[in-house]
Every structure is written in C-alpha cells, then in structure tokens.
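J.: Kindly return the folded structure for what I paste below:
(2 chains)
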Amino acid sequence: MAKSFEQIVERLKTVGAPGVIAAIDPEQASKPDPLAPAPPRKEGTKGPFGDPHLLVEAKRVPELLAVLRDDPELRFEMLVDVTGVDYAKEAANLGVIYALLSLSHRTRLCLRADVPKADPRVPTACAVHPGANWHEREAGEMLGLVFEGHPDPRNILLGDDWVGWPLRKDYEFPVEYHGISCV
Amino acid sequence: MSDEARAATAPPRAVPPGAGDERWIGELRPGEREVLLDVKTQDMEVNMGPQHPSTHGVLRVLLRADGEIVTGAQPHLGYLHRCAEKIGESVEFLQYLPYTDRYDYLAAMNNNLGYSMAVEHVMGVEIPERAQWIRTIFAELNRIGSHLISFGTYGLDIGAFTPFFYAFREREWIMALFEKVCGARLTYSYIRIGGVFNDLPEGWLEELGRFLDVFETKWAEYNDLLSYNHIFVERTKNVGILPPEKAIAWGCTGPMLRGSGVRWDLRKDLPYAMYPRLEFDVCVGQGRMGTVGDCWDRYFVRLLEMKESVRILRQCLRQIGPGPVMADIPKTIRIPAGAGYVGVENPRGELGHYIVSDGGKIARRCRVRGPSFCNLSILPELMPGTMLADAVAIIGSVDIVVGETDR
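T.: This is a model prediction of the structure:
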C-alpha cells in the first residue's frame, strides 16, 4: 500500500539506513542551504507545496539506494530520474536529485544530496540502478557533476568538446562554436 | 557434416572488443549457430543514421556487426538538442509552456498536461472539474493520435506500407478536432497552468462521439491489416525480448514496461486528473506470439491502448458537465519557494518534470525526464545477439521521438 513520507522516514530510521541526514520540506528543498533556519511564515499563507525531500550524504547514495530498493517495506525498484540543480550563482553546493518510484507500494520519493561546487564528486548509482547511466551522463555534462565509477562518462547531448556547464548559473554563452556565430 | 565436425574445422568466431564480456555474445537462436560456424567473419561497424528513415528523426546508432549478427550498439544523441531545460530556467512559467509542445511533438497535449501539473503541484492550486475533464479528453485523444503514428510507422519500418496511410487518415480527423479547439495541429499549448485555454466550441463533443464510433470500426481493420500478418509476426516475435526485471531496473516506462508484462500505468496506479473516476484496463504483453516482452508484445500493447482510450473517452463524454475551465490564477504566475516532481503517463511512458522555484516568476530549475530518453537507454542491452535486420524492428518497437530524447 502507498506509504506516506513520514512512514518512509520512520522505516529508514528503524532499519538504520546509511547516509540519511534529514527530512526537509519542499521549501527547504528549494534553498541553496536546506538546513538553514527558515524565516517565519506569514500568517494565513498556505503551503509549502511540492514534495518533501530526504537530504542524504552524497558519498553514501548507492548504499542508500540499495537499501531503499531491497527493503520489503520500501521497495523503491525504479530510479526514475537523476539530475542536478545549481540553486544560485553564489551557492557553495550543487544539489543532486534522485527521483525514486516504488511500483509495489505506489509511492514516490525524492532524494537530495549536496556536493560542493569546488569538488562535485558523487559515486555513481549505475551499479544499483543501471538506468541511471544516461541520466548521470546528462547531469555530468550539464552541471559539471562527476559521477565516480561511471561506466561510460562521456557527454551525451552536447558535443565532446563543449566548454563549460550550461546549467550552472555562472555559465557564459559562447560567442562562437567551430566558426558558427552564436550571437 | 555434423555440427561437431563443423565446430572442429571452422575458424574461431571473431571476438569483439571487450572480449570476455558476455553481453556482446548473447544467446544464439536456431540457425544462428550454423551462420556462425560457416562464415569467416570480421567485426564491422555500421552507422545507422543520423538520416536513417527508421530512426524516426536524427538519431545515430553505431552498430557493430559480426556478419549478420549484431554484437554491439551505441546510440549517439544530441542532434536535436534545443536546450529545453536551460530555456526553462530563463523564461517565465507560462512562457515555457510552448516549449513543452516541442519535446514529444506527437503528444503535445500530454506534454502540456505534464508541465502544467508540475507547476500546479508546486503552486498548490485547485483545478476546476470541467477543466480536468477536458484535460483527460485531450490527453486520451492525443494518445490515440500518437499510437496511430507509432502503429503506422512500425509497419513502415518492417515493410508494410498500407497501415501507415490508414493510420494517417484517422489521425487527420484527430488533428482537425484539435484545430477546432486551439487552432494548431501539432503544437497546441492548449492545456495551460490552471486549466485549459478556452472552453470547447459548440458541437465539439458531439463530433468527438462521431469520431469514436468511426474509429472503433477502423481499429478492427488495423488489427486485421497488421497484427496477425505472417511476415510481420515473424519479424517481431521473439525479437528484442525485454524481461520485466530488466525493464524496471533500466527505468523503462509506458508500453515498453507493459509490453514486458508489468501491470503499471500511472493513470491507474498514481491517478491524476479524472482518471480515478474512469474505468479502463491496463494492457500488458502476454507473449501471445512468442515470448513476453518481445517486439510484437510492445506493438500490441499500443494497439490495445488505443481501444482503452476510446473506452475512456466515451465515459468522459457521458460524465463531463458545465463549469469554469480555468482556475483563478494571476496573469503573471509567481510560485512560492518549493520543489516537486510530477510524472504523468504519456503515450511513450512517464514524462516527469522536476520544478524548483525560488518564489519568483522564473523557475530556478526545470528538469524534464523524457520517456523516450530512458526507453532508448536500454538499446545497447537489447541489440547484441540479434540479426542486423532486427535492429530496425527493435528501434521501431521502442517508439522514440527524437525531440524528446534530445530535448
């Protein structure tokens, strides 16, 4: 049966899942620093809307994904999406987002792992979910994330010689590419 | 000569690079063994595309072949990359909507719906009931249109010309129905954030009813034309078999997943819009012609889904009532800070949008998870061990739209 986010967090605590830092609400999940104390909400405002996320340690993501996949109460068999987010130009971290889906329990879950922009390394999830392969290649070329241990870390949508990471907020558009003017 | 004698005299089979990797060798089917033993072979690399008609767009697949047998396949994408996600974080929420039309251009209504639902999810807005009914109608009608193309072009890939023309005849009527509502035939931008752009014109629902009556008789014709055609069945059964565990592990969705016998449909399992109030079956592959998860199963799931869509549309026609078609939202949409993922069942699988908003008019991140992209990523796994001519059958059965793989 469908599990609520609270039930999932509770279950992860019970089994002692590796690498879980905190459960964060959708508003915190949109901030560069998810654990910073949020300003008090205005009276009468509804929300926040969206999905609560699980903030996790980047280094232990594959272990955690394996637990989430194999635990009979959780069974997140499908890794639907892996992507990265650059929250702000001045932010120190990049977020890596994992969207999981449990077919057995009809439940979704979003994970967020923060990695420093100076050293954006995160272990690959390909060993646990082979479907992560292309998503990680895309996140790698678009945001400069480095998925350690990835079987095929080439660019996928961009050319092999593309300079820069287009989805970083400090990206500067090229003026020309192989003699083709871009302005 | 007996098999053993052949094996003793034949030169060893050329081992592709990455030797020892079982993936490249695959299982042999009856007849292939003889081919292997008779011919002195050398690996050859063949570029399929970027202008190959059966890749349905500008996709290039680098095939490695040992004679007639494929030993490896590597898709190269990006020819149609149009920076959708970068644009998504550069323009306002509503301004981005027309760009969603352009990723899976055969199912633009479903894309509009997926994006609008994702924005509404982070915005926390309620959609009026009539708008929900209209959305459901258009999502299903576009599903029929999209599956018609898939059905027609798949026949074309395999060598059957006629079904293509039949499919386009019925699709033309669907296009005309869309045109009456929003003036566009391919890129609609009709389903908007908060509801739909405008109400249905007078007599539109009656015309939809007439279309459904006609379409049902035509559906039987398609089935007669192609499904049980001997050549078609021989080309597709037992080809490109995708076991269910693998389909799940690789993130395959939609008819790819259901063709492998997994009963999973977001419309049923994580329902949205008006689907909780509709009755329909989830069609899955049953291995009627060969093995569960082969190309024929994937093809047949799409065909059956068209019929289910007709069933859904008939129920919509009975239940839709009057009311507003747009929620009360401001012209310039500002979304409170938040993040969320929403997936909807597109004709090709789960279309996901991950939206991050910082409280302004422009998204901070607008991630698109295209079903074609994920379904295509399993191609290097499906191809090795098949005959070269099967490559076309397999790519066709994955049913990709390159606009979506590349975005």
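J.: For chain A, which segments count as strands?
T.: A:20-24, A:53-56, A:78-86, A:93-102, A:107-116, A:121-123, A:146-148, A:176-177, A:180-181 (DSSP state E).
J.: Single out the most deeply packed of those.
T.: strand A:78-86 (a mean of 26; mean count of other CB atoms under 10 Å in any protein chain shown). Every residue, glycine included, has its C-beta placed from N, CA and C.
J.: Now the closest residue to residue B:398 other than its chain neighbours: which helix or strand?
T.: Closest residue in space to residue B:398, ignoring its immediate chain neighbours: residue B:375 at 5.2 Å, by CB to CB, 6 or more residues apart in numbering or on different chains. Secondary structure assigned from DSSP states H and E places residue B:375 in helix B:371-376.
J.: What's the first helix or strand after that helix?
T.: helix B:379-382.
J.: what helices or strands is that following helix leaning on?
T.: strand B:69-76, helix B:390-398 (3 or more CB pairs under 8 Å, 6 or more residues apart in numbering or on different chains; DSSP states H and E).
J.: Save these as CSV, and put in mean pLDDT and distance to residue B:222 too.
T.: Formatted as CSV, these follow (pLDDT from 0 to 100; distance: least, CB to CB, whole Å):
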stretch, mean pLDDT, distance to residue B:222
strand B:69-76, 88, 29
helix B:390-398, 88, 16
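J.: Select, out of those, the one closest to residue B:202.
T.: Nearest of the helices and strands packed on helix B:379-382 to residue B:202, taken as CB to CB: helix B:390-398 at 40.7 Å.
J.: got the angle between that closest one and strand B:69-76?
T.: Between helix B:390-398 and strand B:69-76, the angle comes out at 50 degrees (axes from the mean of the first three to the mean of the last three CA atoms, to 10 degrees).
J.: So what touches helix B:390-398?
T.: B:48, B:54-56, B:61, B:63, B:70, B:73, B:153-154, B:157-158, B:235-236, B:239-240, B:256, B:259, B:295, B:298-299, B:372, B:375-376, B:378-379, B:382-383, B:386 (CB atoms under 8 Å, 6 or more residues apart in numbering or on different chains).
J.: Buried ones among these?
T.: B:48, B:54-56, B:61, B:63, B:70, B:73, B:153-154, B:157-158, B:235-236, B:239-240, B:256, B:259, B:295, B:298-299, B:372, B:375-376, B:378-379, B:382-383, B:386 (16 or more other CB atoms under 10 Å in any protein chain shown).
J.: pLDDT weak spots in the stretch 51-200 of chain B?
T.: Filtered on pLDDT under 70, the stretch 51-200 of chain B yields the residue ranges B:53-55.
J.: Show me where chain B has its strands.
T.: Counting by DSSP E, the strands of chain B are B:43-48, B:60-66, B:69-76, B:191-192, B:195-196, B:338-346, B:349-357, B:363-369.
J.: Show me where chain A has its helices.
T.: Assigned by DSSP state H, the helices in chain A fall at A:5-15, A:26-29, A:61-70, A:132-143.
J.: how about a markdown table for those, with distance to residue B:250 added?
T.: Below are the helices of chain A laid out as a markdown table (distance: least, CB to CB, whole Å):
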| stretch | distance to residue B:250 |
| --- | --- |
| helix A:5-15 | 24 |
| helix A:26-29 | 27 |
| helix A:61-70 | 13 |
| helix A:132-143 | 8 |
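J.: circling back: out of the strands of chain A, the one nearest residue B:190 is which?
T.: strand A:78-86 (26.1 Å).
J.: roughly how far is the closest one from the heart of the chain?
T.: Distance of strand A:78-86 from its chain centroid, counting by CA atoms, centre = their mean, to the nearest Å, is 5 Å.
J.: Could you see whether chain B lies near stretch A:8-19?
T.: No. Judged by CB under 8 Å from any CB of the partner chain, stretch A:8-19 stays clear of chain B, getting no closer than 14.8 Å.
J.: Could you pull up the mean pLDDT of that stretch?
T.: Throughout stretch A:8-19, pLDDT has a mean value of 85.
J.: Buried residues, it. List them.
T.: Neighbour-count burial for stretch A:8-19 [16+ other CB under 10 Å]: A:8, A:9, A:11, A:12, A:17, A:18, A:19.
J.: Counting neighbours, what do you get for residue A:37?
T.: 7 (other CB atoms under 10 Å in any protein chain shown).
J.: can you pull the contacts of it?
T.: So residue A:37 contacts nothing (CB under 8 Å, 6+ apart).
J.: pLDDT below threshold where in chain A?
T.: In chain A (pLDDT under 70), the answer is A:1, A:43-44.
J.: From residue B:116, how far out is the residue of the stretch 101-250 of chain B at minimum distance from chain A?
T.: Chain A sits closest to residue B:124 of the stretch 101-250 of chain B, with a gap of 3.4 Å, by CB to the nearest CB. Per CB to CB, to the nearest Å, residue B:124 is found 14 Å from residue B:116.
J.: higher neighbour count, these two?
T.: Neighbour count, other CB under 10 Å: between residue B:124 and residue B:116, residue B:116 has more, with 26 against 16.
J.: I figured that one was touching residue B:190, is that so?
T.: No. Counting by CB atoms under 8 Å, residue B:116 does not reach residue B:190; the two are 10.2 Å apart.
J.: Alpha carbons only: can I get stretch B:382-402 in PDB?
T.: The C-alpha coordinates for stretch B:382-402 follow below in PDB (Å, rounded to 0.1, in the frame of the first residue of the first chain):
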ATOM      1  CA  LEU B 382      18.600  -5.300 -26.300                       C
ATOM      2  CA  MET B 383      20.700  -5.400 -29.500                       C
ATOM      3  CA  PRO B 384      23.600  -7.700 -29.100                       C
ATOM      4  CA  GLY B 385      22.900 -11.200 -30.400                       C
ATOM      5  CA  THR B 386      20.100 -10.200 -32.800                       C
ATOM      6  CA  MET B 387      20.300 -10.200 -36.600                       C
ATOM      7  CA  LEU B 388      21.200  -7.000 -38.300                       C
ATOM      8  CA  ALA B 389      17.700  -6.700 -39.800                       C
ATOM      9  CA  ASP B 390      16.200  -7.000 -36.300                       C
ATOM     10  CA  ALA B 391      17.800  -3.700 -35.300                       C
ATOM     11  CA  VAL B 392      15.100  -1.800 -37.200                       C
ATOM     12  CA  ALA B 393      12.400  -3.900 -35.600                       C
ATOM     13  CA  ILE B 394      13.800  -3.200 -32.200                       C
ATOM     14  CA  ILE B 395      14.300   0.500 -32.600                       C
ATOM     15  CA  GLY B 396      10.800   0.800 -34.000                       C
ATOM     16  CA  SER B 397       9.300  -1.100 -31.100                       C
ATOM     17  CA  VAL B 398      10.900   1.300 -28.600                       C
ATOM     18  CA  ASP B 399       9.000   4.000 -30.300                       C
ATOM     19  CA  ILE B 400      11.100   7.000 -29.600                       C
ATOM     20  CA  VAL B 401      10.600  10.600 -30.600                       C
ATOM     21  CA  VAL B 402      14.000  12.300 -31.000                       C
END
